[in-house]
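*Asks:* the following comprises the amino acid sequence and a computationally predicted model.
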Amino acid sequence: MKKRKDYFFKKAKKEGYRARSAYKLIILNKKYNLIKRNDKLLDLGCFPGSWLQASLNLVGKNGLVVGVDITPIKEVKDIKFINADITDSLTLEKIKIICNKFDVVISDLSSKTTGIKTLDVERSLELNEKVLEIADKILKENGNLLLKIFQGVNFQDFLKKVKLKFKFVKCHKPEASRKESKEIYIIGKGFLKQKSS
Ligand SMILES: C[S@@+](CC[C@H](N)C(=O)[O-])C[C@H]1O[C@@H](n2cnc3c(N)ncnc32)[C@H](O)[C@@H]1O
C-alpha cells in the first residue's frame, strides 16, 4: 500500500530539501546546539544530501561541509563529496586530504534494512563502531558528534563507549522520526582529547 505523504515530506518538498530527514537534524540542532557558524562538519552517510543542505545553512559561507556515502549524490553547491565506503580504511585518508580536523561529525548512516531485526541492529552497531573510530581520529578537542543507531541488545555497551569520549551525552528520538522506527540519535558534546591521539 502506498504510504501517506506526511507533514515532514511535504515541508521538505516545499522548502527544497532532498529528504524529510533534514528536519531531524534541524530539530536536534535547535535542542542541542551542535553545529555553529563557521564550523567544519563531516557528514557520514550523506546521500541524498538533505543533511548536507541543512548543515550548509548552519555553518554558513565560511564553514566547511564534507559528505561521504557509497551512493553518489547529485551535486550540492559548496559541499565536498567523497564517494566511498566508511568501513574502507582508505576513506579516512581521503577525508583527511580535504580537512584534518573537524568541529562536528554527524552520521545518519544505515544499511538497507533486511527485515530481520537482530541483523539490522548488528549492522547498525558495526557501522557506528566505525563512526566512533573515525570521530576519534578526526574530531577537534571539544568537538561534537551526532549519530543514528538502531537500538538492540548491545546498545547500552555502545552508549558507555560514547560516554567515555564526550563530556555530555544524550539520546534523543526526534519528532521527524517515524513512530514505528527503532532508530535513536546519540548526541556527544565536548570531545575529550584522547591520550593516544
Ligand atoms: C538514511 S540515509 C542518509 C540520509 C541523509 N542524512 C539525508 O538526510 O539526505 C543513510 C545512508 O547511509 C549510506 N551508507 C550505508 N552504509 C554505508 C557505508 N558503509 N559507507 C558509506 N555510506 C553508507 C547509505 O548509502 C545511505 O545513503
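*Replies:* Nice, I can see it. Numbers count the residues shown, from 1 in each chain.
*Asks:* stretch 145-157: end-to-end distance?
*Replies:* 17 Å (C-alpha to C-alpha, to the nearest Å).
*Asks:* is that stretch anywhere near the ligand?
*Replies:* No. Stretch 145-157 stays clear of the ligand (C-beta under 6 Å from any ligand atom), getting no nearer than 7.6 Å. To be clear about C-beta, it is placed using only N, CA and C from the backbone, and glycine gets the same treatment.
*Asks:* for that stretch, buried residues please.
*Replies:* 145-152, 155 (16 or more other C-beta atoms under 10 Å).
*Asks:* swap in stretch 87-102?
*Replies:* 91-92, 95, 102.
*Asks:* got TSV for these, with pLDDT too?
*Replies:* As requested, the buried residues of stretch 87-102 are exported to TSV (pLDDT from 0 to 100):
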residue	pLDDT
Thr91	98
Leu92	98
Ile95	98
Phe102	98
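*Asks:* of the residues you listed, closest to the ligand?
*Replies:* Using C-beta to the nearest ligand atom, Thr91 is the member of those that sits closest to the ligand, with 7.6 Å.
*Asks:* give me the element that closest one is part of.
*Replies:* Thr91 belongs to helix 89-98 when assigned by DSSP states H and E.
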